[in-house]
Each structure stands twice: as structure tokens, then as C-alpha cells.
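**Q** One predicted model, sequence on top.
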Protein chains: 2
Amino acid sequence: MIGEVQGVSEGDSFSNRQELHDAGVHAGTQGGIGGGGESIVLSGGYVDDLDEGDVILYTGQGGRDQNSSHQIAAQELTRGNLKLAQHYNEGNPIRVSRGSQLDSPYAPKGGYRYDGLYRIDDFWHEEGKDGFLVYRFRFVKLGRSTSEILDTPTKSDELKFKSPEGTTHPGRAQIYTSRVIRNSAVANHVKEVYRYKCQVSGVILNTPTGPYAEGCHIKAVGSPHNGPDTVNNVLCLSPNMHVLFDKGAIAIADDFKLLGIEGELTVDPHHEISIEYLRYHREHFYTGE
Amino acid sequence: MIGEVQGVSEGDSFSNRQELHDAGVHAGTQGGIGGGGESIVLSGGYVDDLDEGDVILYTGQGGRDQNSSHQIAAQELTRGNLKLAQHYNEGNPIRVSRGSQLDSPYAPKGGYRYDGLYRIDDFWHEEGKDGFLVYRFRFVKLGRSTSEILDTPTKSDELKFKSPEGTTHPGRAQIYTSRVIRNSAVANHVKEVYRYKCQVSGVILNTPTGPYAEGCHIKAVGSPHNGPDTVNNVLCLSPNMHVLFDKGAIAIADDFKLLGIEGELTVDPHHEISIEYLRYHREHFYTGE
């Protein structure tokens, strides 16, 4: 079940994993990622986890030595990792609980605490501290009022072709967010160089107020990637290709050959593109060959 | 010039329009929309304006009787209105000033006050209080720290093929936003009905974590449209077609024939679509025949 659990409030404590399971907060008594990926428990199992309270960098599952908790093999985009990635795609809220073993100022003193709903803001893969590929998911806390509004239980499996009810008056919530401010002059410059034509697909979207394209950062600007907001890190893409690029369905080789799709990137001689950032994107986001 | 003006801070007062002009905050001493659309002055000229402080519904220019300030003809997407629409497309910040004649709790006691940067969140057309078509722009205040970060003056005309500098460390700002919480179960249901195939273009975007599509609200959910978050108000679209639909480049007739693009909307027999909302979208957002 996705979202809040009836009868459980943010901040509620549980003595052990069994209690957490019985309350319906997190299925199972072992894994950090719950059955369908609707919940996670942070309990200090992964050396690559990073807990900043409202933002959590969470390491995916697999490849770990049971005794030392170190990585001994690469993780794969399967099982729990794939479930989380799918919730990211669908924008679903995820229940987050913390255990006392967690090495974080946000860990409870004892047992486990349910800490409310987070959404997955982004995910990628990288070499972890132990030298093996790990999947990383960035969780961002949803405002408390948001959690309340998202309270409605959804049972998508049962519903299938029975429509969910929805709401005629979607709620409005105050959400305090930290986001990267981008300089629109940089993106606009790149778009103008290409006259709003997509560098991957060649598409131009014409609207009543002029052509539309998006400035796509090659090396993502959010933490922990911290790519720069500069012309050599921005591509002019249609929204479709922007999605495929950000999700790692397509990438660009050092010689501008497209990967994951036929063809070659259109590059204007006035536009210098960083090969280093193209590589970073391939290494962290691209899942093909 | 787009963005903050050197030497002028949010909250600064000016005795009259001439001073506002001389300080570089707002070009000209008459119009509500500055020369290139980089600034607006709210001074109570339009009966359709609505000032909620951090959110402003601003009426475009044209069609107004000089003496009564009432609409006597339809407005057009030209001059200042077109400029604002283009800034909306490019995501540029707009300087907002208020005059004492404004009928609003946020008006200054006397003269004019510079109230900082806003972005245009959406725009559309509708029948105004006087019975003629007016353009409406929804302005949303940027956080003060955001304004500071966007401080860099941009001179896109001079630059052309000289790249803007950009920034290697994009700033991070806390922004307090009010946004509509959508029930992802509704959008996900519609996407599943169409198996993530765009109802307009037939495109399916395949990603490493499964196909990707977007739930597009027909009657917009934001204020003042207040469309419902229900299955009969949601389409399954590719990001490209979502942009074209939201920007009014395309629309859908009562018989599901596409307007502004060849073809017909794909409609699954299990998906009931509201004809009333399709009409609302055509009347408020579509700019074609």
C-alpha cells in the first residue's frame, strides 16, 4: 500500500522490526526496502547512505557482504532497486522509518521511528566507497500537510480498470523546498544557438508564443552531482528527449554519436560541449552498453 | 534588462512613475507593462486584476477605454502581452512594482514601491468582467534569496553568440511555495489504461525503468481554473504533446478531432473524458480557429 498507513502518525515509535511490520509501516523484518518498494528503513546497513534529515541519499540493495556490511559486488537495477525506480517514475510517496543503529543525528534513541513520507527526487548509479557500483536514490521529505493530503490509500492492483476516485478539489499545501536556482540566460543562449531545434531528435515544437525547447543539464546540477550551470553543460532538447536523457535511456558518446537511439547529436560550432560531463552522465545515468 | 536593477532593493519607494523610470525599474511613465516586458506596474487600471500579495492575476494590455478603464474591445496576443508570454516561455523573472492607486491591501500608502521579482506561472485568455476577451497572467513571487541569486544582469541582445558566463556553483535557495497536490493514483490509472502511449502522438517513451508518459490535466488544476484531479480531466500524453496542449498550440474538439495538429485523440472505451473540460481548455488556452 502506497502512502500513509491508517492509525500510524509521523513520529510514532516501534520497539523492533516485527512491530513495524505488524503496524503495516514496513513489510518484512529484514530488508531495508519494503516488499513493493513503498517503504524503506534506514538502519545503518550501508556505508554509502547519507542522512541529512529532510534529504536522504539512500543506497540500493544487493552486492553486500552479510557480515561486514561492505559491498563485495555490483548492485543491479532489479528487485527493490527497480521498485524504487518505478516509484520515482510515478512520483509516489514512500514511507521512511529510521532505526537506532543508524549513524545519524536523526536516528531515534532506541527501536524504530516512522518519519513520514518522502518522494524520490532522482536516482543514479555510481562507484560506492567500497569500489563497486551502487544505486543511489535521493529522498526528499514531503511537507507534513502534504502527507495528510496524500493520506488516501490506493489499491491500484485491485482497481485496474475501475477508476480511482480522485478529488474535485485538490488540496493546496505549503511546501518548503530547497532547489537549485538556474540562470535562465545560460539555457536561453543554448536554445537560441539551435533556434529551439532539439539536438537529438531535430524536432521543433511551435507554440503561439514562439518555439519551445528545454535546456538540459548534462551533468546534473543537484547534489551530490553538483554540475555547473554553464553553456558547456547544457543541451537544447525537446521535452521527450530531455526525459530520455535524464532517465538514462539515451546518452552521448565522446564523438557525439547517440547511444540508445539512432543518429548523432547536432552540435553547432559556436557551442562547446564538455566531454567530461558527457562521460559523467554515461557513467551515472546511462544503463545501456 | 531582465532581473534585479543595480542599486535598487525590494521595498524601495519612488514618488512617481518618472522616478521609477529613471531608476531603471520600469521603462516609460504610462504603460503597465515595461518596454520589453521585463517589468510590470500594478496601479489599479484593470478591473480584472487580482492582488494576493505573493500571487497576482494580472490582466494584459489593450482594448480598454482610456477614461473609464473598462474593456471595450478584445485584447490580442501582441505587444506587451506577447512579451510577457515569451518571458513565461523562457522562465524569466519579472520586476513588479505597486502604485498607491491600486485597490489592494498590498498597495503602498503613497507613490510607488518596487516589490521584487516574480515569475509568470501560467497565462491564458478568458472573458473579463466587462464581457470582452482579456489575457491573464499569473505572477508568483520568487523568494528573496532567489532574487539575490538571479541578480546577474543579462544582455541577451548584445551577447548573441557570445556565451553568457553562467555559474559553476548554482546557488541553492529556500523557496516557500504553495502548490496543488495531485493524486498520483489518478494520473497513473489513466497512463495504465493507455499503456503509456501518448493519446495525441501515439509515441511511447521507453526508459530503463519502464515506459514514461505524463498525466495532463485538461482543465488546469491551479487557481483560478480549479479543474478537478479526476480521471475524466486527465489525458495520457508524451511530454512534447503535454507542452503543446498546456501552451494552447493544440486542443481537442468535442468529437475528439485534434485541433492544431493532424489526427484524432486516441480514446479507450474505459476512459470517459469530460467534454465540458475540453471546451474550457479550448476557450481559455487554444489560440487557433
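**A** Sure, I can see it. Numbers count the residues shown, from 1 in each chain, chains lettered A, B, ... in the order given.

**Q** Poorly predicted segments of the stretch 101-250 of chain A, please.
**A** A:143-183 (pLDDT under 70).

**Q** Strands of that one, residue ranges please.
**A** A:112-127, A:133-141, A:172-180, A:205-207, A:210-212, A:214-217, A:234-237 (DSSP state E, counting those that start in this stretch).

**Q** Now do the last one: everything it contacts.
**A** Read that as strand A:234-237. When contacts are defined by C-beta atoms under 8 Å, 6 or more residues apart in numbering or on different chains, strand A:234-237 is touched by residues A:186-187, A:190-191, A:193-194, A:196-200, A:213-218, A:245, A:265, A:273. Every C-beta, even on glycine, is put in place using the N, C-alpha and C of the backbone.

**Q** ok, 6 Å please
**A** A:186, A:187, A:190, A:191, A:194, A:198, A:199, A:200, A:213, A:214, A:215, A:216 (C-beta atoms under 6 Å, 6 or more residues apart in numbering or on different chains).

**Q** for residue A:87, helix, strand, or coil?
**A** Assigned by DSSP: H, G, I helix; E, B strand; the rest coil, the conformation of residue A:87 is helix.

**Q** contacting residues around it?
**A** Residue A:87 neighbours (C-beta under 6 Å, 6+ apart): residue A:37.

**Q** Next, count neighbours for residue A:263.
**A** Number of residues near residue A:263 (other C-beta atoms under 10 Å in any protein chain shown) recorded here: 11.

**Q** so what's it closest to, chain neighbours aside?
**A** In space, and not counting its chain neighbours, residue A:263 is closest to residue A:200: 7.5 Å by C-beta to C-beta, 6 or more residues apart in numbering or on different chains.

**Q** now residue A:62
**A** residue A:75 (4.4 Å).

**Q** residue ranges of the helices in chain A, please?
**A** Along chain A, counting by DSSP state H, helices occupy A:17-22, A:79-90, A:144-149, A:156-159, A:184-193, A:239-246, A:275-284.

**Q** Please convert those helices to CSV, extending it with distance to residue A:252.
**A** Formatted as CSV, those follow (distance: least, C-beta to C-beta, whole Å):
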stretch, distance to residue A:252
helix A:17-22, 44
helix A:79-90, 22
helix A:144-149, 36
helix A:156-159, 36
helix A:184-193, 15
helix A:239-246, 8
helix A:275-284, 5
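
**Q** Which of the ones you listed sits closest to residue A:36?
**A** Checking the helices of chain A against residue A:36 by C-beta to C-beta gives helix A:79-90 as the closest, at 5.9 Å.

**Q** now the closest one against helix A:239-246, angle please.
**A** 150 degrees (axes from the mean of the first three to the mean of the last three C-alpha atoms, to 10 degrees).

**Q** Identify the bridge partners of the residue nearest the centre of chain A.
**A** Nearest residue to the geometric centre of chain A (C-alpha atoms, centre = their mean): residue A:122, 2.0 Å. Judged by DSSP bridges, the bridge partners of residue A:122 are residue A:138.

**Q** Could you report the distance from it to residue A:285?
**A** 9 Å (C-beta to C-beta, to the nearest Å).

**Q** for the strands of the stretch 101-250 of chain A, which one sits closest to residue B:105?
**A** So among these, strand A:172-180 is nearest, using C-beta to C-beta, at 19.9 Å.

**Q** Residue B:50: which of the helices of chain A is closest?
**A** helix A:144-149 (24.3 Å).

**Q** Roughly how far does residue A:235 sit from residue A:251?
**A** When residue A:235 is compared with residue A:251 (using C-beta to C-beta), they lie 11 Å apart.

**Q** wait, I meant residue A:67
**A** With C-beta to C-beta as the criterion, residue A:67 and residue A:251 are 37 Å apart.

**Q** now the contacts of strand A:234-237 in JSON lines, with neighbour count?
**A** Shown next, in JSON lines, are the contacts of strand A:234-237 (neighbours: other C-beta atoms under 10 Å in any protein chain shown):
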{"residue": "A:186", "neighbour count": "25"}
{"residue": "A:187", "neighbour count": "24"}
{"residue": "A:190", "neighbour count": "28"}
{"residue": "A:191", "neighbour count": "23"}
{"residue": "A:194", "neighbour count": "21"}
{"residue": "A:198", "neighbour count": "23"}
{"residue": "A:199", "neighbour count": "25"}
{"residue": "A:200", "neighbour count": "23"}
{"residue": "A:213", "neighbour count": "28"}
{"residue": "A:214", "neighbour count": "23"}
{"residue": "A:215", "neighbour count": "23"}
{"residue": "A:216", "neighbour count": "24"}
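
**Q** Pull the most distant pair out of the residues you listed.
**A** Every pair of these checked by C-beta to C-beta; the farthest is A:186 and A:200, at 19.0 Å.

**Q** who are the neighbours in contact with residue A:227?
**A** A:217, A:219, A:220, A:221, A:233.

**Q** Filter those residues down to just the buried residues.
**A** Taking 16 or more other C-beta atoms under 10 Å in any protein chain shown as the criterion, what is buried in the contacts of residue A:227 is A:217, A:219, A:220, A:221, A:233.
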